[in-house]
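Engineer: Provided below for reference: sequence and predicted model.
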Amino acid sequence: MIFTKMHGLGNNYIIFNQLDDPDNVLEEREYPALSRKVSDVNFGIGSDGIILICASQMADFKMRIFNEDGSEAKNCGNGLRCVAKFVFDHMYATKPRFTIETLSGVVSVEVELDKKQFVQYVNVDMGEPKLLKGMIPMEGDPFVAAINEPHTFGEEEYFLTCVSMGNPHAIIFVDEVNAFPLEKVGPVIEHASLFPERVNVGIVQVKGRQEMDYRVWERGSGITMACGTGACAAVVAATMNEFLDKHVPITVHLPGGDLTVRWDQQGHVWKRGEATYICHGELEL
Ligand SMILES: N[C@@H](CCC[C@H](N)C(=O)O)C(=O)O
């Protein structure tokens with residue numbers, strides 16, 4: 001299988017292009033094992049998961065994403081930027097604006113080119129966040145949002161604000177992101193019965209009305225350098241808690257770099273950031 005390894009701010013995926021390469025199309029049941037295998041740094045390539053670029057019936061392209069543990073997610077913000085760069089640089093997309101289908105719906109993207117006419121930045125309309133518990137999904141009244149809601153996990157109580165950007169995120173506001181024991185707390189909340197489909201766990205330190213630090217424990221992948229849907233969820237959560245100015249670009253500092261996120265007056269969340277190639281190669285199965 002021919003692959004390309006790409007990253008969005010260090011959140012790295014092995015990309016398999018299925019648009020015109022039949023060798024990259026496997027039996028449906030084989031993708032979870034493929035993701036576990038290639039993500040393994042010792043026996044595979046090493047990554048946070050895999051992404052398939054497929055043909056779509058309803059959009060220009062389709063993205064599927066599997067986490068490191070083989071679970072399939074409905075959306076991936078950093079993955080969308082990688083896919084947008086790949087299809088434009090490889091001339092599958094011929095205009096700077098196009099659409100990508102995900103399991104959570106169709107998103108619009110717009111690419112910005114560098115001096116060599118390759119994609120450097122990608123703007124993504126990530127759509128409207130979902131706030132009601134039934135849509136996250138999480139236990140409790142399905143028609144109520146969880147905004148700074150106390151929950152106890154073992155001996156500890158955390159205040160969660162929950163947002164779905166097509167995939168579920170629980171956001172916790174802290175005084176110092178680097179002092180928070182995310183490797184310990186992340187898996188506990190990810191697997192808590194409160195979240196029937198598990199959850200991505202983000203911690204946020206608000207730095208000002210238009211700036212925040214954000215770290216993430218990703219469902220199915222653990223700690224990663226960045227999470228695009230998570231950065232969007234963090235901005236929505238901080239806005240719901242009235243920590244941020246509304247409708248303006250917010251700078252989100254992640255361990256792998258910065259994203260700009262804006263929750264606009266129409267209710268859509270926009271995300272702008274880079275996507276980068278790491279290498280291309282052939283995988284021995
Ligand atoms: N890194 C991604 C999100 C990948 C999926 C996530 N782990 C999930 O299971 O929901 C991003 O950039 O959004």
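Structural biologist: Okay, I see it.
Engineer: any chance you could map the helices in the stretch 1-150 of the chain?
Structural biologist: Secondary structure of the stretch 1-150 of the chain by DSSP state H, counting those that start in this stretch: the helices cover 31-39, 77-89.
Engineer: need these in a markdown table (columns: mean neighbour count).
Structural biologist: (Glycine included, C-beta is placed from N, CA and C.) What follows is those, written out as a markdown table (neighbours: other CB atoms under 10 Å):
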| stretch | mean neighbour count |
| --- | --- |
| helix 31-39 | 20 |
| helix 77-89 | 26 |
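Engineer: what residues does the nearest residue to residue 162 once chain neighbours are set aside make contact with?
Structural biologist: Leaving aside its chain neighbours, residue 162 sits nearest to residue 146 (4.2 Å; criterion: CB to CB, 6 or more residues apart in numbering). Counting by CB atoms under 8 Å, 6 or more residues apart in numbering, residue 146 touches 133, 136, 138, 140, 160, 161, 162.
Engineer: same question, residue 197
Structural biologist: Shown in contact with residue 197 (CB under 8 Å, 6+ apart): 137, 168.
Engineer: do that again at 6 Å, thanks
Structural biologist: By CB atoms under 6 Å, 6 or more residues apart in numbering, the contact set of residue 197 is residue 137.
Engineer: count of neighbours near residue 265?
Structural biologist: 8 (other CB atoms under 10 Å).
Engineer: one step back: need the contacts of residue 146 in a markdown table with distance to the ligand and pLDDT, can you?
Structural biologist: Listed next are the contacts of residue 146 as a markdown table, based on distance: CB to the nearest ligand atom, whole Å; pLDDT from 0 to 100:
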| residue | distance to the ligand | pLDDT |
| --- | --- | --- |
| 133 | 17 | 98 |
| 136 | 11 | 98 |
| 138 | 14 | 98 |
| 140 | 20 | 98 |
| 160 | 16 | 98 |
| 161 | 17 | 98 |
| 162 | 13 | 98 |
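Engineer: which parts of the stretch 101-250 of the chain sit against the ligand?
Structural biologist: Within the stretch 101-250 of the chain, the positions adjacent to the ligand are 167, 200, 218, 219, 220, 221, 224, 227, 228, 229, 230 by CB under 6 Å from any ligand atom.
Engineer: beta partners of the third one?
Structural biologist: Here residue 218 sits in beta bridges with residue 222, as judged by DSSP bridges.
Engineer: doesn't residue 47 make contact with residue 12?
Structural biologist: Yes: between residue 12 and residue 47 there is a contact under CB atoms under 6 Å: 5.1 Å.
Engineer: among the contacts of residue 146, which two are most distant?
Structural biologist: For these, the farthest-apart pair by CB to CB is 140 and 161; their separation is 13.5 Å.
Engineer: neighbour-wise, which of the two wins?
Structural biologist: Ranked by neighbour count (other CB under 10 Å), residue 140 and residue 161 place residue 161 first, with 25 against 17.
Engineer: which helix or which strand is home to the more buried one?
Structural biologist: Using DSSP states H and E, residue 161 maps to strand 156-164.
Engineer: mind giving me the packing neighbours of that strand?
Structural biologist: strand 149-153, strand 168-173, helix 228-240 (3 or more CB pairs under 6 Å, 6 or more residues apart in numbering; DSSP states H and E).
Engineer: can you show me the strands along the stretch 1-150 of the chain?
Structural biologist: 2-8, 11-17, 49-54, 61-67, 72-73, 97-102, 105-113, 119-125, 149-153 (DSSP state E, counting those that start in this stretch).
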